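1. Sharing a model prediction with you, sequence too.
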Amino acid sequence: MEDKSQDTVTFALPEGALPIQIVLDELKSLYPHARYDLDFSTPLDLLVATLLAAQCTDERVNAVTKDLFQKYRRAEDYVAVSQEELEQDVRPTGFYRQKAKQIRAACQYLITNLNGEVPRTLAELVKIPGVGRKTANVILGSAFGVTEGFIVDTHVGRLVKRFGWTQQSDAVKAERELMRLIPQQEWLGLAHRIIYHGRAVCVARSPRCAQCTLAVSCPSATNR
DNA sequence: CTCCCGATAT
DNA sequence: ATATCAGGAG
């Protein structure tokens, strides 16, 4: 007698992995209001903020964009100033030469090909110079309320490996695995919650397993 | 794989 | 001193 109870999801996880349902339930109760923490008001703001977020904390990005978004409102504004001027405006986020160049290239692409508008599909977004799948998935989810893929950033990549959900270090390959393992309606919320947990508890350097409620079933938990 | 790069935690 | 921070390109 096969009793398929409606709330129990059966996924093909590797042996010994942290069950997906436990993570969904536990992280939902720990971080009920998990969301994207970069400040923005327009899709273009979000695109620029997310480009600046590479290898930089959200807090510092927000400190920089507070003034940046007053000064630069449209794609045209970013290409109107000199490279050097934009570099100084984004300097505290690190990688400032590359980021200024990326922002200008992305804006020039939008002006030339899309009338200065940020597109609403993953396929169109990843054509923008400097925009990979992580940035594209963030813009889709937070600016347009669309879910086409699973956000895999440094935190998601690290935690899903620790959970035993995948062995893939490559973000795009890990994303494919996650899309196969997890129901689509959970993708956006779960990604945000994993990131919160990755920042607060399951940190990169020395994870706080002693205070982690997932540790009892986590294959990577260290008891000390 | 390396490079880009400043700021902070360990 | 060194690893790491909501990455992506060459």
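-> Alright, I've got the coordinates.
2. out of all of them, which helix in chain A is the longest?
-> Among the segments of chain A that qualify as a helix by DSSP state H, the longest is helix A:96-114.
3. how about the host helix or strand of A:R158: buried residues?
-> In the assignment (DSSP states H and E), A:R158 maps to helix A:154-162. Neighbour-count burial for helix A:154-162, counted by 16 or more other CB atoms under 10 Å, picks out A:H155, A:V156, A:G157, A:R158, A:L159, A:V160, A:R162. Where C-beta positions appear, they are placed from N, C-alpha and C, glycine not excepted.
4. where does A:W165 fall, helix, sheet strand or coil?
-> Following DSSP: H, G, I helix; E, B strand; the rest coil, A:W165 is assigned to coil.
5. where's it relative to DNA strand C, distance?
-> 17 Å (CB to the nearest atom of the strand, to the nearest Å).
6. go on, A:E148?
-> From A:E148 across to DNA strand C, the span is 14 Å (CB to the nearest atom of the strand).
7. How about that residue: what's its closest non-neighbour residue?
-> Nearest residue to A:E148 in three dimensions, chain neighbours excluded: A:L122, at 4.2 Å (CB to CB, 6 or more residues apart in numbering).
8. Count the residues that sit near the one you found.
-> Each residue near A:L122 was counted by other CB atoms under 10 Å, and the total is 18.
9. you'd agree it is up against A:L140?
-> Yes - the criterion here is CB atoms under 8 Å, and A:L122 meets it with A:L140 at 6.2 Å.
10. low-scoring stretches of chain A, by residue?
-> Residue ranges of chain A with pLDDT under 70: A:1-11, A:223-224.
11. if you set the cut-off to 90 instead, what comes out?
-> A:1-15, A:34-35, A:58, A:205, A:222-224 (pLDDT under 90).
12. Residue numbers of it in contact with DNA strand B?
-> Residues of chain A lying close to DNA strand B (CB under 7 Å from any atom of the strand) are A:55-57, A:60, A:91-92, A:94-99, A:203, A:205-206.
13. how about those, which pair is most distant?
-> Checked with CB to CB, the residues of chain A next to DNA strand B reach their widest spread between A:R97 and A:S206, with 32.6 Å between them.
14. So the two - more neighbours on which side?
-> A:R97 (13 against 7).
15. Which secondary structure element is home to the nearest residue to that one once chain neighbours are set aside?
-> Counting by CB to CB, 6+ apart, A:E87 is the residue found nearest to A:R97 once chain neighbours are left out, at 5.8 Å. For A:E87, the element it lies in under DSSP H and E is helix A:83-90.
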